[in-house]
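>>> sequence? don't have it. structure:
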């Protein structure tokens, strides 16, 4: 896996100068990336692409090749694999589709046999490629660029990777690695986890899974890894129609949802139900751990504070009454019409100083483990000041802070301030509460693992 994800040299077999084609898009991304290793282009039908020399086969390359990315028609892949084996290539990523996902099991088995005999590790086939932001390597065919961050995304679906990249760029969410497994003819989720747990750039692992083949191995690996790094899982094919769709998509057998869900949770990984929840959880797991389940909510709109309280309660979080002394402190500077209960309603006139003082007060409470500040655009106060207050106070304490900012164009800058200040921000009561619950669940799991001495 290290030679695949951190290669010193790469050969793109099926390189093209036509960026509207998969081979061309991959070639463009690789050459335009910040990767400082050697990149070789292979195509028997031309001698130059984008002004770069092109080799007729991987065997013609004069230097050693760590990784080969294959973008040729499926029937030609075994021949290319044999050439890669003779070249002593150590890792291969097969972009080409047309294998087990469309019933060509024998063709895929042939690729597996060649790789096994040569000791080559294979990602794919039927995938979008890989990305390693730490070394600037982009071997995908997407037009979107990955921002650098601490979350690794492991996915069976290439389209999920493409869509995630585009969405994440808009949301300013960074990633350390993208590993698209495709049909998983060799490298699977367990292999990816074992690599990522040792990767210093990766702090959180998000996974999209369609089928589980070696379940015992996967869940044992999850258990080992989750003691050191949080894992968030989204499993597709959890209904009968969805399972059939997964089979036609990547040739995967979905497996029993109940068994898989139970095994994932018992391993210490977090189970999510949709894409939004998957990445919301990933965003918060880089925060300070939650020491308990007690949540304080402050808002400039009482109704949304109440709805958020409802969601917290549904998810097993507590929104306790505040100590009498704290209530007295809040009443001393909040407006008489404000509510100093928990949730705290600071009214629609709450601005920078109000958010700052309330947050400062709450951060000092031992009875509060996590804080959710809420801002709703009401036309009276811009969201910038409250956002700055949240960022400034968040840097002072060790309690996790998860923000909920509601609005449209008027909150864009405030949301940007929060994100760039390291505060996760969400757009609804359900999203922020689910993210808070995910953080609490993993914090509790890790605390138990530390107590048992199973964390190194």
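Now that the structure is in, tell me what you want to look at. Every value quoted in this text rests on a predicted model; they were computed, and no experiment measured them.
>>> got any ranges where this protein has weak pLDDT?
240, 242-255, 455-456 (pLDDT under 70).
>>> quick check: domain ranges of it?
2-284, 295-444 (automatic domain parsing).
>>> so which of these comes closest to residue 454?
Evaluated over the domains of the chain, closeness to residue 454 peaks at domain 2-284, with 5.3 Å, by C-beta to C-beta. For every residue, glycine as well, the C-beta is placed using N, CA and C.
>>> now the end-to-end length of the closest one.
Distance across domain 2-284, first residue to last, is 28 Å (C-alpha to C-alpha, to the nearest Å).
>>> returning to what we had before: now for the domains of the chain, which one comes closest to residue 450?
Closest approach to residue 450 among these is made by domain 2-284 (8.7 Å; C-beta to C-beta).
>>> what's the burial count for the spatially closest residue to residue 139 that is not a sequence neighbour?
Distances taken as C-beta to C-beta, 6 or more residues apart in numbering place residue 129 nearest to residue 139, at 4.3 Å, with adjacent residues excluded. Burial of residue 129 is recorded as 29 neighbouring residues (other C-beta atoms under 10 Å).
>>> swap in the one 5 residues further on?
Counted with other C-beta under 10 Å, residues neighbouring residue 134 total 15.
>>> spell out the secondary structure type for it.
Assigned by DSSP: H, G, I helix; E, B strand; the rest coil, the conformation of residue 134 is coil.
>>> phi and psi next, for it.
Residue 134 adopts backbone torsions of phi -60, psi -40, taken as degrees, to the nearest 10.
>>> excluding chain neighbours, what is closest to it?
The nearest residue in space to residue 134 (C-beta to C-beta, 6+ apart) is residue 201, at 4.6 Å.
>>> give the contact list for that neighbour.
Taking C-beta atoms under 8 Å, 6 or more residues apart in numbering as the contact definition, residue 201 lies against 133, 134, 150, 176, 177.
>>> my read: the fourth one touches residue 147, true?
The reference is to residue 176. No. If you go by C-beta atoms under 8 Å, residue 176 and residue 147 don't touch, sitting 10.4 Å apart.
>>> so what's in contact with the two at the same time?
Common contacts of residue 176 and residue 147 (C-beta under 8 Å, 6+ apart): residue 133.
>>> what about the closest residue to residue 377 other than its chain neighbours, how many residues nearby?
For residue 377, ignoring the flanking residues on the chain, the nearest one in space by C-beta to C-beta, 6+ apart is residue 407 at 3.1 Å. Neighbour count for residue 407, taken as other C-beta under 10 Å: 16.
>>> which ones are touching residue 407?
Counting by C-beta under 8 Å, 6+ apart, the residues that residue 407 touches are 375, 376, 377, 383.
>>> endpoint to endpoint, stretch 29-44 covers what distance?
Note: stretch 29-44 ends 21 Å apart using C-alpha to C-alpha.
>>> and residue 191, what helix or strand is that in?
Assigned by DSSP states H and E, residue 191 belongs to helix 189-196.
>>> elements contacting the following helix or strand past that helix?
Using DSSP H and E, the helix or strand that follows helix 189-196 in sequence is strand 204-209. Here strand 204-209 touches strand 148-155, helix 189-196, strand 231-235, helix 275-284, going by 3 or more C-beta pairs under 8 Å, 6 or more residues apart in numbering; DSSP states H and E.
>>> in the sheet, which strands lie alongside strand 204-209, parallel or antiparallel?
Strand 204-209 has the following sheet partners, assigned by DSSP bridges: strand 148-155 (parallel), strand 231-235 (parallel).
>>> contact partners for residue 354?
Residues counted as contacts of residue 354 (C-beta under 8 Å, 6+ apart) are 333, 334, 346.
>>> I'd like the distance between the second one and residue 361.
As defined by C-beta to C-beta, to the nearest Å, residue 334 lies at a distance of 10 Å from residue 361.
>>> got it, and the last one?
Taking C-beta to C-beta as the measure, residue 346 falls 12 Å from residue 361.
>>> between these two, which one's more packed in?
residue 346 (28 against 20).
>>> for the residue of the chain most remote from its centre, give its distance to residue 347.
Residue farthest from the centre of the chain, counting by C-alpha atoms, centre = their mean, is residue 336 at 44.2 Å. Using C-beta to C-beta, residue 336 is found at 10 Å from residue 347.
>>> overlap of the contact sets of those two?
Counting by C-beta under 8 Å, 6+ apart, nothing touches both residue 336 and residue 347.
>>> helix, strand or coil: sort out the residue lying closest to residue 137 once chain neighbours are set aside for me.
Of all residues not flanking residue 137 in the chain, residue 35 sits nearest, at 4.4 Å (C-beta to C-beta, 6+ apart). Here residue 35 is coil, with the state taken from three-state DSSP.
>>> show me the contacts for residue 35.
Residue 35 makes contacts with 10, 135, 136, 137, 138, as judged by C-beta under 8 Å, 6+ apart.
>>> in PyMOL, how would I select the buried members of these?
Selection command for PyMOL covering only the buried members of the contacts of residue 35, criterion 16 or more other C-beta atoms under 10 Å:
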select buried, resi 10+135+137+138
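>>> could you identify the longest helix within the protein?
Of all the segments of type helix in the chain, defined by DSSP state H, the longest one is helix 429-451.
>>> max pairwise distance over the contacts of residue 407: which two?
Within these, 376 and 383 form the most distant pair, 9.0 Å apart (C-beta to C-beta).
>>> compare these two (neighbour count), which wins?
More neighbours surround residue 383 than the other of residue 376 and residue 383, with 24 against 19 (other C-beta under 10 Å).
>>> can you tell me how far that one is from residue 301?
The gap separating residue 383 from residue 301 is 12 Å, by C-beta to C-beta.
>>> ok, now residue 159?
Distance from residue 159 to residue 301, by C-beta to C-beta: 38 Å.
>>> neighbour count winner among the two?
residue 301 (20 against 12).
>>> next up, the contacts around that one.
345, 348, 374, 376, 378, 406.
>>> please indicate which of those are buried?
Using 16+ other C-beta under 10 Å, the buried ones in these are 345, 374, 376, 406.
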